[in-house]
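Participant: Starting from these lines, generate the structure:
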Amino acid sequence: MANDSTDPTGGRAAGLGSARRGVDEWRMERVTALALLPLSLWLIVSLVALGSADRAAFVGWLGRPLPAFLIILTLIFSFRHAALGLQVVIEDYVHSGWKIPLLIAARLSCFAVGAAGVLATLAIALHR
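Facilitator: You can find the predicted model right below:
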């Protein structure tokens, strides 16, 4: 069947690149999702506990090393997961010249918003 006359490649690989990259991205999506499960649960419980706290109490809480570190991890994993998800959607549904610019815009915007969140967390945590 490999040399079937209806097979345009003659049974050879079509030269579309390695499937390894896709597997690594799929795996990274699962890793970020698994990391976000306990981080999201912790964040929800923490924010509910701080529900009626004023700004000073929140800044005091965020000024402690563990909450600041966990918030930063949550931001990093959240925006990495979002970037991977947007990449999949764009690759699957955009079939025009807009694909590459949209991929770049999605990745850059996820990085920019995630970095802004990390910097804001550090600014609050270090300058209370």
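Participant: How many neighbouring residues does the closest residue to residue 78 other than its chain neighbours have?
Facilitator: Distances taken as Cβ to Cβ, 6 or more residues apart in numbering put residue 36 closest to residue 78, at 6.4 Å, once the chain neighbours are dropped. The C-beta positions use only the backbone N, C-alpha and C, and glycine is treated the same way. Residue 36 has 17 neighbours, counted by other Cβ atoms under 10 Å.
Participant: try residue 97
Facilitator: Neighbour number of residue 97 under other Cβ under 10 Å is 8.
Participant: Could you list the low-confidence segments of this structure?
Facilitator: The chain contains residues with pLDDT under 70 at 1-21, 128.
Participant: What residues sit buried inside stretch 53-63?
Facilitator: Judged by neighbour count (16 or more other Cβ atoms under 10 Å), stretch 53-63 contains these buried residues: 61-62.
Participant: circling back to that earlier point, contacts only, for the residue nearest to residue 78.
Facilitator: Residue 36 sits next to 74, 77-78, 81 when contact means Cβ atoms under 8 Å, 6 or more residues apart in numbering.
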